[in-house]
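**Student:** This is a predicted model, with the sequence first.
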Amino acid sequence: MPEQITMRELLADPIYRRWLTKKPELTTMGYSAPWRVYLQAEPRGPWIEEDFQKYSAAYTYLRDNLRTSHDLALSCKRQGFKPPIVKRSGVREYYIPRPLSDSDAVKPSHRHVWCPHCRRPTLFLWYKKHHAMSGYTVSPSDRRCRICGVRYIFIPKYERASDGR
Ligand SMILES: [Zn+2]
């Protein structure tokens, strides 16, 4: 199974870090807490979830657990978000950090994809069971986000910046 970039690695990227610290604007109404932090304590270990009404509280929880957890995501259950946008040579383009290992040599289906709900690049793979969908039947023919379980066919696809970093 390919290795997924971790939140610690992602936050080492100043552009992504600045973007994640900013409170995103919710445009979809709802009653349940919109923000969900997914936390994986150990590599290949189980994921746990914690829901938050306020973005600042979710971010603080993520920050406080960054050192001691293997991986995390600050997801939005209610709506998807576009990647950060940067201006390069006067052109605005999406900025999606990705690991060096995510090279052209890797099969396209095993490269990182921007998950609009997890608000970070993740791997979309095939599952017989998915931690985020316990109690549901998961079709093994669907590619799903490794963290939140959203189906690949349902998400908008964002192109990476021209130089890929
Ligand atoms: Zn996701």
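**Tutor:** Noted; the coordinates are in hand.
**Student:** Output the below-cut-off pLDDT ranges for this structure.
**Tutor:** Scanning the chain for pLDDT under 70 picks out 160-165.
**Student:** Would you map the strands across it?
**Tutor:** Under the criterion DSSP state E, strands of the chain are mapped to 35-40, 47-52, 71-76, 85-88, 91-94, 113-115, 120-122, 124-126, 143-145.
**Student:** Which strands border the fourth one, and is each parallel or antiparallel?
**Tutor:** Just to be clear, that refers to strand 85-88. Here strand 85-88 has these sheet partners by DSSP bridges: strand 91-94 (antiparallel).
**Student:** List the buried residues for stretch 101-119?
**Tutor:** Buried residues in stretch 101-119, counted by 16 or more other Cβ atoms under 10 Å: 102, 111-119. Just so you know, the C-beta spots here come from the backbone N, C-alpha and C atoms, and that holds for glycine as well.
**Student:** can you give me the offset of it from its chain's centre?
**Tutor:** How far stretch 101-119 lies from its chain's middle: 11 Å, per Cα atoms, centre = their mean, to the nearest Å.
**Student:** That one and the ion, are they touching?
**Tutor:** Yes - for stretch 101-119 and the ion, the contact criterion (Cβ under 5 Å from the ion) is met by 115, 117-118.
**Student:** and which of the residues you listed is nearest Glu25?
**Tutor:** Distances from Glu25 to the residues of stretch 101-119 next to the ion, taken as Cβ to Cβ, are shortest for His117 (15.5 Å).
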